[in-house]
Each structure stands twice: as C-alpha cells, then as structure tokens.
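# coords please:
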Amino acid sequence: MLQPKPQLRRDGFTFKEFFVAHDRCAMKVGTDGVMLGAWSPVSKARHVLDIGTGSGLLALMLAQRTSQDVAITAVELDQQAAEQARTNVQASPWNQRITVHQADIRQWSTENTARYDLIVSNPPYFDEGVQCATPERDKARYTTTLDHQALLEIAAALITEEGFFCVVLPIEGCEVFTAKALKLGWHLRLRTDVSETESRLPHRVLLAFSPRDGELFADRLAIRGPDQRYSESYTALTQAFYLFM
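Numbers count the residues shown, from 1 in each chain. A predicted model of the protein is given here:
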C-alpha cells in the first residue's frame, strides 16, 4: 500500500521525518545547515549542544540520526526564533529529547555545568557590513553578537575530552577560524571542502575540532554532478532527510 506523500507547506521546509517552520526566523533552512546536520559525527554522542539553533534544524536532524537515549540542548538568542524552534520540536517525533533555551550563549554557558560530546553551530559568518533588512537578520548573519573567538572559547569550555565541535563556514574564513581554534588548543580532525560542482572551487567548508589530538581526515564534496543533478556523494549524505531523494 502506497504511503501518502507529506503535504508541503509554504512557511517552512518539509523533510522526510519532520517539518521545519522558519517564517519567524531571520535565517531560513538552507544547504549549509542541512550539510552540517547530516555530516557531523554522532556515533559517540550522548549529550549534544546546538549553539544558535535558529529554527531548530540542526537539533532536529541530529535527533533523527541518534538513538533515543541521546539528549539534545538547543540555545538561541532571538526570542521569535527560539519560540519557533520550540514549536518545531514539539511537532516532531523527538520532542522528549530536545530542549530549547532562549538565552545568550555567553551567559548561558557560564551558568551551565553539563558537558557535551558533540557541539554544533551554523554560526554568523561575516564581520559587520551592509545593514540587513531586519535587526534579527543582522544578528544571524554578522559576528557582532557572537564573534568566532568567543564561540571557540565557549565550545572549549563545554566540550568533553573526546567530543567534537562542528561548524560550517565560507571557505574564505576557514584558515583564520582554524588558526584561532589551534591557538586555543583545539585539534582539527575532520574537514570537508564543499563546491557546487567538481569543476568549481570550494565555497564552503565543514570542520570538526576536538580537544584530543589525532589524524586529520580531509575530503571534498561536490553538491551537483555534470548534469546539474545532486551528486552521488551529496545524495548519500542527505538522502535520509530530503523528500525527493
């Protein structure tokens, strides 16, 4: 018997196992977040932290990828986004495992005694530039509310000894971010450079840092093949989530 197709809604993004409303969030569901949620290593994670959860996308993706005993904490500065994340979580199959906090991660981290095996963040990318349409989008896009140095320091204070801290960044900012991380004692363990096609230069990079030293595994991912369809490697990474794969 054929299963009915999920009804697509205009106020968000429909995945195979959950829906993410994002009409009240400054930053919408996009390829960067989906890649990070599908790529981050989860095999040893029991306690997960999503810094700057926005709509709750990463928290929901990581809940789908992990077992029922894994607890996920999501922290979001913007009140409207945090409320929308809570709504998305409550409507998901994993509402008992995900907790959303509306807070400034800088203050929240000083009051929190838990440690996390996996910390993920799709952080603000850019130094302050042209003003965005809304203050909320400014916060989400620019590093003025949470610069990369502070993000690395906060993650270092909250990570377990064998944990991973994972981010997605523009390729242009990768080396500066990595240098700051190494100076703080992080070790780069996983790196995936992402390009639109094999023939184009990478434009994004997925990075996983750990307090523990070890071998660096690096590779490259092309999102689309020569025919402009999703590549085999991108399909393999994301097919558990996208409806059309």
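
# next helix or strand past the lowest-mean-pLDDT helix or strand in the chain?
Of all the helices and strands that make up the chain, helix 135-141 has the lowest average by mean pLDDT, DSSP states H and E, namely a mean of 43. Past helix 135-141, further along toward the C-terminus, the next helix or strand under DSSP states H and E is helix 148-158.

# CA atoms of that following helix as CSV?
Taking C-alpha atoms only, helix 148-158 is exported to CSV below (Å, rounded to 0.1, in the frame of the first residue of the first chain):
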residue,chain,number,x,y,z
HIS,A,148,34.3,33.4,16.3
GLN,A,149,36.8,33.8,19.1
ALA,A,150,34.0,33.8,21.7
LEU,A,151,32.3,30.8,20.0
LEU,A,152,35.5,28.8,20.1
GLU,A,153,36.1,29.6,23.8
ILE,A,154,32.6,28.8,24.8
ALA,A,155,32.7,25.4,22.9
ALA,A,156,36.1,24.6,24.6
ALA,A,157,34.5,25.2,28.0
LEU,A,158,31.6,22.9,27.3
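
# tally up the residues packed near residue 189, please.
20 (other CB atoms under 10 Å). Heads up, the C-betas are built off the backbone N, CA and C, glycines and all.

# list the contacts of the helix or strand containing it.
Element membership for residue 189 (DSSP H and E) is strand 187-197. The contact list for strand 187-197, computed with CB atoms under 8 Å, 6 or more residues apart in numbering, reads 35, 39, 41, 164, 166, 171, 178, 181-182, 201-226, 228.

# quick check: which ranges of this structure have low pLDDT?
1-8, 126-145 (pLDDT under 70).

# quick one: the helices in this protein, in order.
Remark: helices assigned in the chain by DSSP state H are 31-39, 57-65, 79-90, 105-111, 135-141, 148-158, 174-183, 232-238.

# want to throw the ones you listed into TSV with mean neighbour count and distance to residue 9?
Listed next are those as TSV, based on neighbours: other CB atoms under 10 Å; distance: least, CB to CB, whole Å:
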stretch	mean neighbour count	distance to residue 9
helix 31-39	21	17
helix 57-65	26	15
helix 79-90	20	12
helix 105-111	14	30
helix 135-141	18	21
helix 148-158	19	32
helix 174-183	15	35
helix 232-238	16	20
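
# of all the ones you listed, which one comes closest to residue 11?
Distance to residue 11, taken as CB to CB, is lowest for helix 79-90 among the helices of the chain, at 9.8 Å.

# which other helices and strands contact that closest one?
Contacts defined by 3 or more CB pairs under 8 Å, 6 or more residues apart in numbering; DSSP states H and E place helix 79-90 against strand 19-21, helix 57-65, strand 71-76, strand 98-102.
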